[in-house]
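Participant: Take this sequence and fold it.
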Amino acid sequence: MDLENQKRVKEAADKHGAENLVVLLGAAEAEAAGLAAETVTAGDPTFAGPLAGVELGLRVYHVVENEMKESFDESVYEDQISMMEMVLEVDEIVEEMESIRGEFCKFA
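Facilitator: Have a look, this model is predicted:
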């Protein structure tokens, strides 16, 4: 997650409260999604950005996870995401996201 997005997430958590935020990711690879998820839950693992050492514990999901997929309008999901879903390693992404949430998320 780039430094500007880290700043935006931190500002939103400060303004609205971390318990009121959900971060939605769309990275194409499980590892990239996992790094972004770790950043908004446990803090920037590179210790380079605004979230270095900041454990927000935010709820974080990937757009291909069922919890999110079910919340989208079906036609919008079909139009915007379903084609990518066919080429992504969805099971790996879901496993990575569940692992990060299980370890670092502070909110149910």
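Participant: what comes up buried for the helix or strand harbouring residue 98?
Facilitator: In the assignment (DSSP states H and E), residue 98 maps to helix 90-104. Buried residues in helix 90-104, counted by 16 or more other CB atoms under 10 Å: 90, 93-94, 96-97, 100-101, 104. C-beta coordinates here come from the backbone N, C-alpha and C atoms, glycine included.
Participant: for that helix, what is the average pLDDT?
Facilitator: On average, the pLDDT along helix 90-104 is 97.
Participant: Figure out how far the helix or strand hosting residue 83 is from the centre of its chain.
Facilitator: In the assignment (DSSP H and E), residue 83 maps to helix 82-85. Relative to the chain's own centre, helix 82-85 is displaced by 18 Å; criterion: CA atoms, centre = their mean, to the nearest Å.
Participant: CA atoms only for that helix, dumped as CSV, please.
Facilitator: Provided in CSV are the C-alpha atoms of helix 82-85 (Å, rounded to 0.1, in the frame of the first residue of the first chain):
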residue,chain,number,x,y,z
SER,A,82,-16.5,-11.3,-12.6
MET,A,83,-14.1,-11.4,-15.5
MET,A,84,-11.1,-10.9,-13.3
GLU,A,85,-12.4,-13.4,-10.8
